[in-house]
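Peer 1: need a 3D model of the sequence below.
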Amino acid sequence: MKTALLLLTAPILLGTLAACQEQAAGEAVVRTELGDPVAAGQVAAADEERAVEPEETTASNSPCRAANFEGIAITHCVADPELHRISASLAPASGPNFGTIEGWAAGRNETDIAFVMNGGMYGDDLKAIGYFVQEGDRLVELNRGDGSGNFFLKPNGVFFGSNGRWRILTTEIFLRTVGDRPQFGTQSGPMLVIDGDLHPEIQDNGPSKAIRNGVGIDTSGRAHFVISDTPASFGQIARFFRDELEVQNAMFLDGNVSSLWDPATGRMDGRRVGPLLVVETK
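Peer 2: Here you go, the predicted model:
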């Protein structure tokens, strides 16, 4: 199945993004969920009655906690710059368990790993379709193209950082204000929360539900990684970031393929992924 990467050379113009009509989510490997109606796996955003339960500890030494928000199960992981470092990596494109976190983890010392989550959208080659920096090496330039699918629902954004300072900016602000190459960076979209407000194209209600994940930064500089454990709408994930975590900026990472490795609990999701965000203990 083709991904949004192909649209960079032959963009498909959207009939209208303002309406953001939503249909049922597609197969597990599909990430093109918003935009052109021919794209499989349409995105949703629902506005349901808020029903929040206290977070529960799943393992005493895990940075990830279980939560419930608007009736959906969520895993919420926190990276603290005082305790953790973040880097970007890529799932292996060949070999046993290729395209999975498990394949990436083979042979690594898991005692150094706090958690790993998929880190952005990718093409058929499992490489990022947007800006991607790994250990200071820019593998993909900033993508400002137009097309259909979640990635191209503007504004999209960049999650990046160096020396324990982590930030999320819209792509255009990143382009105008960031001159130095960060140690890690990944571009994805759409933005979920922008300066405390929800992305204007996210509907209040919609029927499409999928396993989805994103990342947000709070005022103390901590990075909040969120993955739904049951199918969730765009609106539910965005409101969790805004209303529960009170982050000023949050970015969608992917849907249907969203995956987490939490060594402390033994959780290892096996969906097909490409870019990864690796959180290690200092």
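
Peer 1: how about the strands in the stretch 151-282 of the chain?
Peer 2: Along the stretch 151-282 of the chain, counting by DSSP state E, counting those that start in this stretch, strands occupy 157-162, 165-170, 184-188, 191-194, 197-198, 212-217, 223-228, 249-255, 260-262, 267-268, 275-281.

Peer 1: output the contacting helices and strands for the fifth one.
Peer 2: Just to be clear, that refers to strand 197-198. helix 234-239 (3 or more C-beta pairs under 8 Å, 6 or more residues apart in numbering; DSSP states H and E). All C-beta atoms are positioned from the backbone trio N, CA, C, and that covers glycine.

Peer 1: pull the helix it packs on out as PDB, backbone CA atoms only.
Peer 2: The C-alpha coordinates for helix 234-239 follow below in PDB (Å, rounded to 0.1, in the frame of the first residue of the first chain):
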ATOM      1  CA  PHE A 234      -8.200  12.500  17.300                       C
ATOM      2  CA  GLY A 235     -10.300  14.700  19.600                       C
ATOM      3  CA  GLN A 236      -9.900  12.400  22.600                       C
ATOM      4  CA  ILE A 237      -6.100  12.300  22.200                       C
ATOM      5  CA  ALA A 238      -5.800  16.000  21.700                       C
ATOM      6  CA  ARG A 239      -8.100  16.900  24.600                       C
END
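
Peer 1: the nearest residue in space to F152 that is not next to it in sequence is in what secondary structure piece?
Peer 2: Nearest non-adjacent residue to F152, counting by C-beta to C-beta, 6 or more residues apart in numbering: D146, 5.9 Å away. D146 belongs to no helix or strand when elements are defined using DSSP states H and E.

Peer 1: could you do G103 as well?
Peer 2: Taking DSSP H and E as the criterion, G103 maps to helix 101-105.

Peer 1: and what of A67?
Peer 2: Per DSSP H and E: strand 64-69 holds A67.

Peer 1: partner strands of that strand, with direction?
Peer 2: Counting by DSSP bridges, the strands paired with strand 64-69 are strand 53-57 (antiparallel), strand 72-79 (antiparallel).

Peer 1: can you check the pLDDT for the residue most central in space within the chain?
Peer 2: Nearest residue to the geometric centre of the chain (C-alpha atoms, centre = their mean): L253, 1.6 Å. pLDDT, L253: 98.

Peer 1: I'd guessed it sits against G130; true?
Peer 2: No. Contact criterion C-beta atoms under 8 Å: L253 and G130 do not qualify, at 11.0 Å.

Peer 1: now the common contact residues for the two.
Peer 2: Shared contacts of L253 and G130 (C-beta atoms under 8 Å, 6 or more residues apart in numbering): 120-121, 186, 188.
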